[in-house]
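Q: just to be clear, the model below is a prediction. Sequence and coordinates:
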Amino acid sequence: MPSIKSLTMTYDALNEYGTFSEGDTITGKLTLDLLKEITVQSLFVKVKGDAEVRWTKKHGDRTQTYTAHRRYFKLKQFLISEDSKDTVVPKGIYVYKFSFNIPQGSMPSSFRGSHGRIVYKLEAALSRSWRIDRTVEKEINFVSKSYPNFHSLMLQQVGSTNKEMGLFSKGHAHMDVTVDRGAYAPGETVVIVAKINNSSSSEMTPKFSLIQDVVYRANCSTKHEGVVIHKVVDSCIKPQTQKEVRCAVKIPRGQMQTIQNCEIISVEYHLKAYLDISFAFDPEVKFPIVILPPDLVPGPQPGVAVPPYPAGATGGSSNSDFPPPAVSMGTYPASPHSGSYEYRGAQRYSAPQPAYPNNPSMYASRPNAYPAQPAHMSGGYSNPVPQLASPYGSPFSSSSSTSVLHPPPTVPTSHPPPSAPEIHPAPSSPYNVSDPAPAYNLLPSAPMMNTDFLSQSDEPPPAYSLLFPSSEKSDAQQ
């Protein structure tokens, strides 16, 4: 007959999602049900967080294994101390409470993949002499809230691509793409607006894909996995046609959060907007998309103007992944009303047109086109993040296509004009100097000629014969 009927463990949830984050406190109970008296060496509970990767790769006749491990924290609490050596515990049911404070700091969210995992769990162990330890464990769902440049993730993203047709077609194609923001929670919708100018002789089909990129790292080697989460295909665009395309890509509920703070595992997302052209390289624009925990994405703020499309903030992203602008969005004709676009055969898009400081004439916009930003987002505009190279590299394999992500439009600020410097009289010199100061010419003067050929003179001009001897005399001399 066994001595231990059961050893169970429960913990208390902090929110409706059952998740824990940096700095949270985990509380729970460990229940020990004994059928008869036992002697215990120790009883403890511990919580820890670990990341590990493992995969194999063949190199000819041999197989190499790549592994890596990272530990983020480990906390241990004794319920029956091991210093007491053998402790007699009579028959009955015993309930032990425990509590742990998760350390502060940047730690990645829980994750399980085909070649690695990030696991946070509670473990309890009952040790007895000459017996196998009785253990129980429970995983906890850890969700990191460490996202740098959080305010910039709530801003609009804008990108452009242009393609010159090659052998099988003539003309060019241009596409401007706008994404309402850069971060979403699972279950939210990515709102995309694409303005396409097909000035070529080929048909093309706009397509939009949300892609997950998982990278495992170990022993100076990497292993990549790419999965298309969602794909939207729009109708075909005929040659010599302009069209505005609006589509929505929904983030699936329960989708894994973005992981960027783990050395050996990274989970990232990007939205790819491209034109499918037969017998040609497809021009495309890629936007990084960050998936946040549901309770981290802010809702609409009272008193803040709502943009034309839901769940988005006005402005452009200052995320450091965006390169500086290189392609103009001035291809499309503007309507008579400033700040709107108009296309033949398409519905008007009346969103404010961004005004960029580098080229104000091509990005004309009416004053105060953007509403004042809420106080909690002011840091995203006043402290822009330095621009870094895009993590996705060049999105084109063809040299005839160019693509660029534009930086965010900044909120116009007014500064008082600088005051004129005060004029003080020059101090009097102790010396009596009467010579005037030499004059300096700002521009170099033309060189002076030695003879003033325009001056009047009483002397007659030289005779013509002296200047040009007669040809007859020359012939006679010959």
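A: Done, it's in.
Q: can we go C-alpha only for contacts and neighbour counts from here?
A: Will do.
Q: how is this protein divided into domains?
A: Under the assignment automatic domain parsing, the domains of the chain span 4-142, 150-366+385-406.
Q: could you pull out the helices for this structure?
A: 150-153, 378-382, 464-467, 471-477 (DSSP state H).
Q: confidence-wise, which of the ones you listed is weakest overall?
A: Ranked by mean pLDDT, those bottom out at helix 378-382, which scores a mean of 34.
Q: returning to that earlier point: pick out the shakiest of the domains of the chain, pLDDT-wise.
A: domain 150-366+385-406 (a mean of 72).
Q: strands of the stretch 51-200 of the chain, start to end?
A: 62-80, 87-89, 92-101, 111-112, 116-127, 134-142, 157-164, 171-179, 183-184, 189-200 (DSSP state E, counting those that start in this stretch).
Q: turn these into TSV, columns for distance to V233 and mean neighbour count.
A: Formatted as TSV, the strands of the stretch 51-200 of the chain follow (distance: least, Cα to Cα, whole Å; neighbours: other Cα atoms under 10 Å):
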stretch	distance to V233	mean neighbour count
strand 62-80	39	14
strand 87-89	67	13
strand 92-101	48	14
strand 111-112	30	16
strand 116-127	33	20
strand 134-142	35	16
strand 157-164	18	25
strand 171-179	15	23
strand 183-184	21	24
strand 189-200	13	20
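Q: closest one to L292 among these?
A: Among the strands of the stretch 51-200 of the chain, strand 183-184 comes nearest to L292, with 5.9 Å by Cα to Cα.
Q: tell me the strands beside the closest one, with direction?
A: Take DSSP bridges as the rule and strand 183-184 pairs in its sheet with strand 284-291 (parallel).
Q: can I get the partner strand as PDB, trimmed to CA atoms?
A: The C-alpha trace of strand 284-291 is given here as PDB (Å, rounded to 0.1, in the frame of the first residue of the first chain):
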ATOM      1  CA  GLU A 284       6.800  44.500 -52.700                       C
ATOM      2  CA  VAL A 285       6.900  46.500 -49.500                       C
ATOM      3  CA  LYS A 286       7.500  44.900 -46.100                       C
ATOM      4  CA  PHE A 287       6.300  46.300 -42.800                       C
ATOM      5  CA  PRO A 288       7.400  45.000 -39.400                       C
ATOM      6  CA  ILE A 289       4.400  44.000 -37.300                       C
ATOM      7  CA  VAL A 290       4.700  43.600 -33.500                       C
ATOM      8  CA  ILE A 291       2.100  41.400 -31.700                       C
END
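Q: tell me the angle of that strand relative to strand 171-179?
A: Counting by axes from the mean of the first three to the mean of the last three Cα atoms, to 10 degrees, strand 284-291 lies at 10 degrees to strand 171-179.
Q: quick one on the thing from earlier: could the strands of the stretch 51-200 of the chain be laid out in CSV, adding distance to I265?
A: Supplementary listing: the strands of the stretch 51-200 of the chain in CSV, determined by distance: least, Cα to Cα, whole Å:
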stretch, distance to I265
strand 62-80, 10
strand 87-89, 44
strand 92-101, 25
strand 111-112, 9
strand 116-127, 7
strand 134-142, 15
strand 157-164, 26
strand 171-179, 27
strand 183-184, 20
strand 189-200, 25
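Q: T10 is nearest to which of those?
A: strand 134-142 (8.1 Å).
Q: from memory M9 sits against E139, does it?
A: No. The criterion here is Cα atoms under 8 Å, and M9 misses it with E139 at 11.1 Å.
Q: how near is M9 to L32?
A: 9 Å (Cα to Cα, to the nearest Å).
Q: got it, and E188?
A: 44 Å.
Q: what's the answer for K145, then?
A: 35 Å.
Q: same thing with D180?
A: Taking Cα to Cα, one finds D180 at 54 Å from L32.
Q: of these two, give the one with the bigger neighbour count.
A: Legend: neighbour count by other Cα atoms under 10 Å for D180 and L32, higher for D180 (26 against 18).
Q: dihedrals phi and psi, the more buried one?
A: Phi and psi for D180, reported as degrees, to the nearest 10, are phi -60, psi -30.
Q: could you list everything the closest residue to S81 other than its chain neighbours pairs with in the sheet?
A: Distances taken as Cα to Cα, 6 or more residues apart in numbering put S42 closest to S81, at 5.5 Å, once the chain neighbours are dropped. Beta-bridge pairing of S42 under DSSP bridges involves S127.
Q: which of the domains of the chain sits most buried?
A: Compared across the domains of the chain, domain 150-366+385-406 shows the largest average neighbour count, a mean of 18 (mean count of other Cα atoms under 10 Å).
Q: just to check, D180 is in contact with Q156?
A: Yes. Between D180 and Q156 there is a contact at 4.7 Å, judged by Cα under 8 Å.
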